[in-house]
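Trainee: need a 3D model of the following:
(chains A, B and C, ligands or ions: 3)
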Amino acid sequence: MKRTLGVCYYPEHWPEAQWAEDAARMAALGLTWVRIGEFAWKRMEPVEGSYDFDWLDRAIDTLGAAGLKVVLGTPTATPPAWVVAKHPDMLPVDADGRVRGYGSRRHYCFSHPGYLAECRKIVTAMAARYGSNRHVAAWQTDNEYSCHDTVLSYSQSAAAAFRDWLRQQFPGQGNDGDIDALNAAWGNVFWSMDYDSFDQIGLPNLTVTEVNPAHAHAFRRFSSDQVVAFNRAQVDIIRAHSDAPIAHNYMGRVTDFDHFKVGADLDIASWDSYPLGFLEDRSGTSDAHKRAYARQGDPDFQAFHHDLYRAVGKDGRWWVMEQQPGPVNWAPYNPAPLPGMVRLWTWEAFAHGAEAVCYFRWRQAPFAQEQMHAGLLRPDSAEAEAFEEAAQVTNDLADAPHVAPVQAPVAIMFDYDADAMWAVQPHGASLSYFGLVFDWYRACRKLGLSIDILPPDTRDFDGYALVLVPGMMHMPDDLKTALAAAHGAVVLGPRSAARDTHFNIPTPLPPAWPGSDLAVSRVQSIRPDMPIDVAGGGQVIGYFEELTGGGDVVLQTEGRAPVAVRCGDGVTYMSGWGDDTAHMRLIQAIAPDLDVEIMPEGIRRRATGNEVFWFNYTTQDVEVEGEKLPPAGVLRHVRPAMS
Amino acid sequence: MKRTLGVCYYPEHWPEAQWAEDAARMAALGLTWVRIGEFAWKRMEPVEGSYDFDWLDRAIDTLGAAGLKVVLGTPTATPPAWVVAKHPDMLPVDADGRVRGYGSRRHYCFSHPGYLAECRKIVTAMAARYGSNRHVAAWQTDNEYSCHDTVLSYSQSAAAAFRDWLRQQFPGQGNDGDIDALNAAWGNVFWSMDYDSFDQIGLPNLTVTEVNPAHAHAFRRFSSDQVVAFNRAQVDIIRAHSDAPIAHNYMGRVTDFDHFKVGADLDIASWDSYPLGFLEDRSGTSDAHKRAYARQGDPDFQAFHHDLYRAVGKDGRWWVMEQQPGPVNWAPYNPAPLPGMVRLWTWEAFAHGAEAVCYFRWRQAPFAQEQMHAGLLRPDSAEAEAFEEAAQVTNDLADAPHVAPVQAPVAIMFDYDADAMWAVQPHGASLSYFGLVFDWYRACRKLGLSIDILPPDTRDFDGYALVLVPGMMHMPDDLKTALAAAHGAVVLGPRSAARDTHFNIPTPLPPAWPGSDLAVSRVQSIRPDMPIDVAGGGQVIGYFEELTGGGDVVLQTEGRAPVAVRCGDGVTYMSGWGDDTAHMRLIQAIAPDLDVEIMPEGIRRRATGNEVFWFNYTTQDVEVEGEKLPPAGVLRHVRPAMS
Amino acid sequence: MKRTLGVCYYPEHWPEAQWAEDAARMAALGLTWVRIGEFAWKRMEPVEGSYDFDWLDRAIDTLGAAGLKVVLGTPTATPPAWVVAKHPDMLPVDADGRVRGYGSRRHYCFSHPGYLAECRKIVTAMAARYGSNRHVAAWQTDNEYSCHDTVLSYSQSAAAAFRDWLRQQFPGQGNDGDIDALNAAWGNVFWSMDYDSFDQIGLPNLTVTEVNPAHAHAFRRFSSDQVVAFNRAQVDIIRAHSDAPIAHNYMGRVTDFDHFKVGADLDIASWDSYPLGFLEDRSGTSDAHKRAYARQGDPDFQAFHHDLYRAVGKDGRWWVMEQQPGPVNWAPYNPAPLPGMVRLWTWEAFAHGAEAVCYFRWRQAPFAQEQMHAGLLRPDSAEAEAFEEAAQVTNDLADAPHVAPVQAPVAIMFDYDADAMWAVQPHGASLSYFGLVFDWYRACRKLGLSIDILPPDTRDFDGYALVLVPGMMHMPDDLKTALAAAHGAVVLGPRSAARDTHFNIPTPLPPAWPGSDLAVSRVQSIRPDMPIDVAGGGQVIGYFEELTGGGDVVLQTEGRAPVAVRCGDGVTYMSGWGDDTAHMRLIQAIAPDLDVEIMPEGIRRRATGNEVFWFNYTTQDVEVEGEKLPPAGVLRHVRPAMS
Ligand SMILES: [Zn+2]
Ligand SMILES: [Zn+2]
Ligand SMILES: [Zn+2]
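Mentor: Numbering: from 1, shown residues only, chains lettered A, B, ... in the order given. Ligands and ions are numbered 1, 2, ... in the order given. The predicted model follows:
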C-alpha cells in the first residue's frame, strides 16, 4: 500500500489569483491530496436553491492541473444563516435546555427532518456536479461529527424522534409500540416511573436526580443511530453519482456515536490528529505527564486512534485527514511542537498503516475563529516550521513508500456501546470505558507490542496471542462462545457482561462465563488516592470487584483478595482496574510467549509487515537498538515481510 | 425500651411467588419490621381514581403471616406520569430557573395545590384501606423530604404561596398584608427596594447581586413551613383512620426545613443512615480524613444525627429507617465497608437509643437507578456480606435487648432557623451553622462525652453540666433568660443573638447578654489557610469576632485578643470558630467536673442508662479499657442503671 | 492642590432626628465631603412622576449647615419596583440567557430605551432642584458602572441596539448598513458565517463553539459605547442646570467599558478602593501572596488604579469616592485590616494625587445586603476602628495639606480595547491584558519607580525616560510613529499590533514596526507550570512568541531564543510575558539612567513634586532610609518642588 501526503485547503478564503501558486507549491512539496469544500456552503448556495459552483470548478481545475487529487467535502457542518432562518428549530439544545445558537459551526440537531432535507439538496447538487470530475478522487461527508459535543441534543425534534425510535425498539400490535414491554425492560416499576404511552417519554436531562440508566442508555443508542442515518443519507446520494471512495474525518476521544456503524457505510476512515491539543484537553492524564509531553503529545493517544480507525475503515483503509502542524488555537495551553515532532507524528501514522496524512492547514488564516491555528504556511505565505518537516517526510518516503499490512499479536476489542454504558453509570467519579481500554492499550505499548483494535462484532480471534476485552458491559452470548474458543489468552473484566441489553444486572451474576462459576459478588469504586496494592507489584485503581468462584488466582491483593482469576481455558477475568504495572504483569503472566520488551520511558515500537519502527517521544537522546535516538527521532528497521 | 431490626422491601419489584420465601428468610434472620409501599403509587393507582390494592393486601398478608410488622409508606415522593401529565406545573424549579423534569423521584413542588390534592386522595385511599390492618404497625409519610435539594423550589406556585405567606407574616387591615411593615422590617430602603404591594415580591433567585438577606431568609422559612404543611396534611388523614404511629425518614445533613416542626406532627423520627456515602458527599471533611475513614464512615456524623433525631422524635422515639448495608451507588466513590462495620453502625444507633434499625434494602435491585446499591441479599438472592452481620446483631441482641434511656451530661442546642440564617449570610466561604455545631459535637465526642441535642424552644436546662449554644443567630429573650439561669456551664458564640427576627443587627450590639456589657464590636471571616493561634493551644479557624466588655477572659489569641470571655454567671461567649483543640480546652476549662477522657484516635464512647459502649472506627486494633478492641469492634460494658 | 477627606452617607437610612448629630461629628472629624443620594430613587420618586424632595432638601441643609459639602448622586443604579413593573424587559440578561431579576441593584440593561427615558426624568428633576444649591458641590452619576458584571447584557434590547450600532460601523447606501463590508471585515467566509442582512446578526453568546472573535470584539466595543452614551445622557442634563463638577465612581479591575471615553464627559474620576476585598476576589494572585497581604491588601493594586484614574480624570482630577474602612461583606473571606492600614491606604491615594478620599460608609447599616460592611461608626453609633485612623489623617494633613503634581519618569499605556481583545482571544487559560500590564506595573514599583498611566490616544511622550506599551493588540499607525519618535526607551510586546481594527492578523506580520523587519513568526501559550528560563535570570510565563528579524537581542532564553529584541532606535520588543525578575532586568538594561532602587519586600515608594513617600505593606518592621518603618507605616520626606 502506498503512503501519501496531503493538505487541507480553503480556496474560498483566498484571492483566486493566488490559487495557482498555492497549487504549485503543494505539488512541489510532494503532496498528493488536497481536501477542500467542507465549510463553503454559503459560497456554493448563497441563496436557497441558487447554486454557484463556478468558482469551485475553477478551484478544482487549478488544483488538478497541478497534479493534485481533490478530496471534496460536503459542507453540512456549516449551514448558512439562511438555512437557520428557514428552520429556526434546527438548532441543537444542550443538557441544560439552552438552545445552542448560530455563529460558529455544527449548529444543527441530527434529528431535525427539515435540516436533513436541506442537506440532501446541497449534497445532491454537489454530487451531480462533481461525481464524475476526474480530479475529485475522494469525498468527505460533513466534518467531525460530534465535535463540540453535538451528538446529544435535547431538542423537541430529538424528543419526537426518540419516541419513534423507542416504538421501533418495542414494537407493538399497531403503530404505537408496546409500552408495557418498555416499562418491564427498563424496570420502571422501581420508582413508579411506568409510562402509559410512548408520548409521555421525555429526554433524560434535567431530572430531579439520576435518571433511569436504561432510559439514558437508550437515548445514547438513539443519538448514535441518528448520526449513522444522517451520514448514510449523504453517502447514498454521493454513491449514486460517483465511484470515488467516501470518508469522514472523525475526532479524538469521541465516543458518543458508534464509529463502526458509520464506518460501515463509508470506504475510508480518517481522523483529525492534534497530539498537543488532545494531550491538554482530553487525555485525562496527570499534570506531571502533561509537562513531560507538552511539546510531543501523549506517546499512545494517537497510536490508539490510528489502530482504532484502522478497524473502523473498510478493509483497514484509513487516513489522517488533519494533522496538527504547529500550535493550535483551542486547547487551554497551545505550545509549539518539539522540532521534528510533525515528522514523527506522520511516521507514527504510516507505521500504523495510514494511506495518507494530510496537514491542517495549508496557510494559517488571518481571520475568524482559527486565526491562531498554525499551518504549513504563515499568514504571509512564508513557510512555517512544519513545511520543512513535511518536506523531510517527502524525502523519507522515497526510501519507504509502501507498507505491508500485518496482523498484530495483540487484539483489544473496542465497543462504543460499552462506553455509553459506562458514561451512563460510571459508578465512580471520572471512570470511563475509554479510559480503561486506553490504559490496557498503553500497557501493551510499554511492552513494545503492536496492537489491533477489534469491533465488538468480531467472532474470529485466530492469530492473536492475546485478546483483551476489558469493561464490555454487555456481551452477547455468541461473543462469549467465540472468546472461550479463542486460541490466544483472553482477558475480561472489570464489568464484563455486567448488564443485559436493557441495562439490567443478569442472573446468574456476571460474568456468567461458560463453564465457570466465577461471579462478581460485590462492586466497589475506590478513591483515586486509595489504590489497593497488588501482591508482587502494581495497584488496583478506581474500580474493584469482589469475586466468588472461578479457577486459579493469577493476581491478588496484598490482602489476598483475587484480582485476576482464571475462568476458562486461557480466559482470565481481571476484577480491578489496574495501573500499568498490574496490567503489564498480567499480560506477561498469561501470555508468556509474546515478544515483549519493556520500552524505555517515552520510547514506543510499532511493527508493520516489513518494518519495525521506534519513536522517541522524550526530550532526551535515548539508546534504542544500539543506536542513539534523538528527541523526536524515528528509527526504522526493515524486516522480512511477514504477511 | 426494646431494640429491634427491620428491612426495606419492595414486593412490587419481585414476582409474587417469591414473597413468601422472602418473608420467611426475614423472619429467620430475626427481623421485626418490614417497610414497604413508599414508591408504589403507580401500582396502587395505575389510572387516576382507579385503585388496585389487591396486590398490596396480599403482600401485607404474606409478611404478616411470617410474623413481620409492616411499616407502610405513602408513595407521594414518586407521582406517576399521569399525575404530572395532569399537573404539568407541579414540577419544581431550580435556582437557575430550570424546570426539574419527570423521570426519577421527588419531582414535585411543595407549594402546588393541585399536587397536594392528589396526595390527599391517594393517602386517604391507603389510610382507609389499611388504617385498621393488624399487620400495619406503623406509617411513613412520603420519603426523605428535601433529598435531591427539593425544598427550595422557584416555581410560579412557590412564588404565589410565598406572597400569601408574607401577607400572613405582615398582616394588614384587609386581606392584603401591610407592605410598609415588610419594607421597614427588611430595610428595603437600603437600595430603593421597597415594594408598593406584595404582588411585586419575587423569589430570591437570579438577582443581579446578593439579594436582601431578610428576603432570602423569609423564603427559607416559608419553604420550611411548606414542608410542615405538606406532611401535616398526610398525618391528619392517617390519624383519622389509624392508631399506628407515624414516622418520616429524614436524611443526613439536611437543614433546609425545620425537622422539629415536622417532628411535632409525627410519633417517631427516623433517618436514613449511609455512613460511607455521607462521608464522601456531605461530611465536608479533608481528603486525609476521608482516606482514614473511607470504609468506616465518619466517627461522629451518624452519632450526631442519632442524637439530633432523638430530639426530633416525640418522647425521644427514633429509628434508623434505612441503614447502609454495603457499597451504595450515589457517592463520588463507593467502597465496601470494613468487615464488621454494618454491625458497628447498628450498635452505635442502639447505643444512642434507636428503637429499630432497618437495613436498606432486602435484595439488591437488578434494574433502574439503584442497581449498584447493595442489599442484605445479592440480586441472585444469595446472602450479601451484610446479611451475616445483621444475623450477628440478632445474636448480640439476645444479651442486650433493652436500653435504659438517660439524660446526657452535655447538651447542644440545634436550631434549623439559625442554619438558614448562616446559609443566607455565611460571611466567609464554606462557613455553615451545621459545620460549627458539628465541630462542637465532635470535640465533645473526642472527650468521651455523651450528648443530648436540644430543640431551640428548650427553656429547661436542668441536669446538664454543660450547655452549648453556638452560632444561634437569633435568640429570643426568654431563651437568654433561661440560659442565664441554667445550673451548668453555658457556651455561646460566635454569632449568638447577632440578628433580630427579620435579620437585622440589634442595638445594643450582640450578644446583648443580660447583665453583661460584652459586645461584638467587629466581625471577621478568615482564610482557611490563616488560622489564628490560641495561646496555650488550639486555633481559631474561619470566623472571628472582636469583643469589647465582658468579664474574665478564658481563652485568648497569641496576640491577646479575647477568644472566650465570661459574660455571666457560668456563661462563656466564644468569639471564634475553634478547632477541636480549642473547643476541648474550653470545655475542660469551664466544666471541670465533667467526666472527660480523651479518646484514642477513632475510638468513641457512648453511655446509656445501663451500658457504656466503645466503638473502634479505625482499621487497627486499639486498647480500650484494658481490652484489645479490633477494627470495627464494639465493646459493651453494663453499668448500674442510672435513671 | 488641596487634600481633603469625606464620607458616604445615607440620610434616608436613619431617623431625621439623627442627621444633625451625624453632621456635627463628621465636621468634627475634619471631613470636607459627604456623598449622598445615589440609592434613594424610591424616596425621591415614590410613585411615577410624583417627586418628594423635601426630605432631601432638609438633609442637604443639615449637612451644609455643619460646613460639609455635598456630592449628590443620581440614583439610577437602583430603579424602584415600579420602574421595573413598567418596563419588565429592561432587566439585563446574562450570557447563559437568564434574565437577571429584581431585588438587589444594577438591574438594568444599558440598551433599554424605556429605562433610559426614566433615568432622564429623575436626573432632570434632581438637576433642576439642586443644580444651584450652594451645598451641592459635586455630582456623581449612577454608581459603579459594570459592578456585578452588568455591562455585557444579552437582552433583546441589546441585540437590537447592537445591530443598529453595526449598521453605523458599516454604513451603506441607505439606512441599512453594508452587510458585505461586515462579512468581509469579519472574515465570515471562514465557516459560511456570512450574513444576508444585519437583521440576522445575533449576540455572541451560546454559540456551539467559539464565536468569531471579530463578532465578540464588536459586541464588547458596542457594550462599552452603550455605557458612554448612558452616562453622557445624565451629564448633559446636569450640566444644563449646574456648574458643579461631575464624577462617576469606577471600580477596581473593571475593564469592560472604556473609562477614558466615559471620563472624557466628566470632570473628576473617582473610584471605590477596597484593598482587602479586591485582593481576595480579583487580584488573581497566589494563595501565598494572599496570605502575606490578607490584612494589608496588594501593595500595587490600589496604586495602579490611582494612577489609572488620574489618567481618566480631566486634567488629572481624581478621588477615592469609597475607601474600605474595615472588613467588608462581599469577598470570599473578610478579615479586618492591620491597624494603621486605613491611614496608609489614604496616604497612598494622596501620594498619587487624590484630591479627596471618602470613607465608605459613615455608619454600618444594621439591615439589608451590606450589614456586614464596616463603617466609621458601628451600627450603635460608637466609633469603629477606622474612625480613629481617619482622625489621624486629619492631623497628618495639618502638616501636608497640599500636593505638587509631577510627571513620573515612567509611563505605561493602558488600552481598554486591548483588554477586550485579549478577553475575546486569551489564547491561553487565564491570560489577560490587565494581568500583563499590571505585572509590568508591579515590576516598576519593585524598582521604586513612580508611574504615569497613559490613555491609548497619547501621542506625546516627552519627559518619559521609559514608556511601556505591552500587549496592545491593535496599534494605529500614528501611535507607532509617535512611539518610534519618543526620546525615552520604549517597550512593546507581546501581541503588540497583532491585529487590525477588525481583529484580523495584518500582513506584514506583527509588529510591523517602522523601519524594522522584526516579525512574530509563531505564537505559543505555555502551561503555567512550564515557565521558560531566561538566560541570566527570570522566566517567561504563560505567553511566548517566536521572532524573526529585528536588531540586538537584549534578553534570550536559556535555549537562545530571543525574548527581548531591539526593533528601532530605543524601541525594544519583548516577545514573552515575563515574571517580575525578567521585567525588572529588561527595564534596567534599556533604561540605565532611571533612578531605580530595588525595594525591600512589601515596601513601596511614590514621589510627588514636593514629597517622597514610603509605605510598609508588611506585618514586620522594615528599615527604610535609615529609619525603622513599622507595619502599616507611612514615611514622608519633603523634597524641593520639582515641577
Ligand atoms: Zn478540524
Ligand atoms: Zn433512601
Ligand atoms: Zn460601592
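Trainee: drop to CA atoms for contacts and neighbour counts, all remaining ones
Mentor: OK.
Trainee: stretch A:522-532 near chain B at all?
Mentor: Yes - using CA under 8 Å from any CA of the partner chain, we find that stretch A:522-532 touches chain B at A:522-527, A:529-530.
Trainee: now the two most distant members of those residues.
Mentor: Taking CA to CA, the two most distant members of the residues of stretch A:522-532 next to chain B are A:522 and A:529; they sit 20.9 Å apart.
Trainee: which ones among the residues of stretch A:522-532 next to chain B also lie next to chain C?
Mentor: Applying CA under 8 Å from any CA to those, none is adjacent to chain C.
Trainee: what about burial for the residues you listed, which qualify?
Mentor: A:522-527 (16 or more other CA atoms under 10 Å in any protein chain shown).
Trainee: in strands, which of the residues you listed fall?
Mentor: A:522-525 (DSSP state E).
Trainee: how about a markdown table for these, with distance to residue A:537 added?
Mentor: Converted to a markdown table, these look like this (distance: CA to CA, whole Å):
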| residue | distance to residue A:537 |
| --- | --- |
| A:522 | 24 |
| A:523 | 22 |
| A:524 | 21 |
| A:525 | 21 |
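Trainee: switch the residues you listed over to JSON lines; also include pLDDT.
Mentor: Formatted as JSON lines, these follow (pLDDT from 0 to 100):
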{"residue": "A:522", "pLDDT": "98"}
{"residue": "A:523", "pLDDT": "98"}
{"residue": "A:524", "pLDDT": "97"}
{"residue": "A:525", "pLDDT": "97"}
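Trainee: can you tell me which of the residues you listed comes closest to chain C?
Mentor: Nearest to chain C among these is residue A:525, at 30.9 Å by CA to the nearest CA.
Trainee: just list whatever residues bridge to the closest one.
Mentor: residue A:543 (DSSP bridges).
Trainee: give me the mean pLDDT for the longest helix along chain A.
Mentor: Assignment by DSSP state H gives helix A:213-241 as the longest helix of chain A. The predicted model assigns helix A:213-241 a mean pLDDT of 98.
Trainee: same question, stretch A:256-273
Mentor: For stretch A:256-273, mean pLDDT is 98.
Trainee: then that stretch to PDB, C-alphas only?
Mentor: What follows is stretch A:256-273, C-alpha atoms only, in PDB (Å, rounded to 0.1, in the frame of the first residue of the first chain):
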ATOM      1  CA  ASP A 256     -20.900   9.200  21.700                       C
ATOM      2  CA  PHE A 257     -21.700   7.600  18.400                       C
ATOM      3  CA  ASP A 258     -20.800   4.200  17.000                       C
ATOM      4  CA  HIS A 259     -18.000   4.800  14.600                       C
ATOM      5  CA  PHE A 260     -18.100   1.200  13.400                       C
ATOM      6  CA  LYS A 261     -21.700   1.700  12.300                       C
ATOM      7  CA  VAL A 262     -20.900   5.000  10.500                       C
ATOM      8  CA  GLY A 263     -17.800   3.400   9.100                       C
ATOM      9  CA  ALA A 264     -19.700   0.500   7.600                       C
ATOM     10  CA  ASP A 265     -21.300   2.900   5.200                       C
ATOM     11  CA  LEU A 266     -18.000   4.500   4.200                       C
ATOM     12  CA  ASP A 267     -14.900   3.400   2.300                       C
ATOM     13  CA  ILE A 268     -12.200   5.100   4.300                       C
ATOM     14  CA  ALA A 269     -12.000   6.100   7.900                       C
ATOM     15  CA  SER A 270     -10.000   9.200   8.600                       C
ATOM     16  CA  TRP A 271      -9.400  11.200  11.700                       C
ATOM     17  CA  ASP A 272      -8.100  14.600  12.800                       C
ATOM     18  CA  SER A 273      -4.900  14.200  14.900                       C
END
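Trainee: so which bits of that stretch are buried?
Mentor: So stretch A:256-273, judged by 16+ other CA under 10 Å, has buried residues A:256-263, A:265-273.
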